[in-house]
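Undergrad: Next one to model:
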Amino acid sequence: MLRLSFALAVLAASAAAAQAQETDASPQAGTTQSTMARLLADGYEIKGTAQASSRYIVFMQKEKTAYACQFVTVTTTRCGLITE
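TA: Residues are numbered from 1 along each chain as shown. Next up, the predicted model:
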């Protein structure tokens, strides 16, 4: 499990670097949708991972705000706010 978490963190960081060049690096206040690139750039930390069928879910948190991010493709993620 530790290897999987490390591999996902490396993959997320490389995807974040690629996406950060294309998008604004900070989510807007009140936003319920985001990407891992934006969340990582804004200081969110990966707190856990889970496998859902053939896809991976990454849970990210900063203070009391948490997001669940799903890998749509290897370089594209979709994140939704799960708590505020």
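Undergrad: Can I take it that residue 38 is in a helix?
TA: Yes. Residue 38: assigned to a helix according to DSSP: H, G, I helix; E, B strand; the rest coil.
Undergrad: what's the burial count for it?
TA: 23 (other Cβ atoms under 10 Å). Every C-beta, even on glycine, is put in place using the N, C-alpha and C of the backbone.
Undergrad: Below-threshold pLDDT in the protein: ranges please.
TA: Counting by pLDDT under 70, the chain contains low-confidence residues at 1-31, 84.
Undergrad: That one: strands as residue ranges?
TA: With DSSP state E as the criterion, the chain has strands at 33-34, 45-52, 55-62, 65-71, 77-83.
Undergrad: looking just at contacts, which helices and strands does the second one meet?
TA: The reference is to strand 45-52. Counting by 3 or more Cβ pairs under 8 Å, 6 or more residues apart in numbering; DSSP states H and E, the packing neighbours recorded for strand 45-52 are helix 2-20, strand 55-62.
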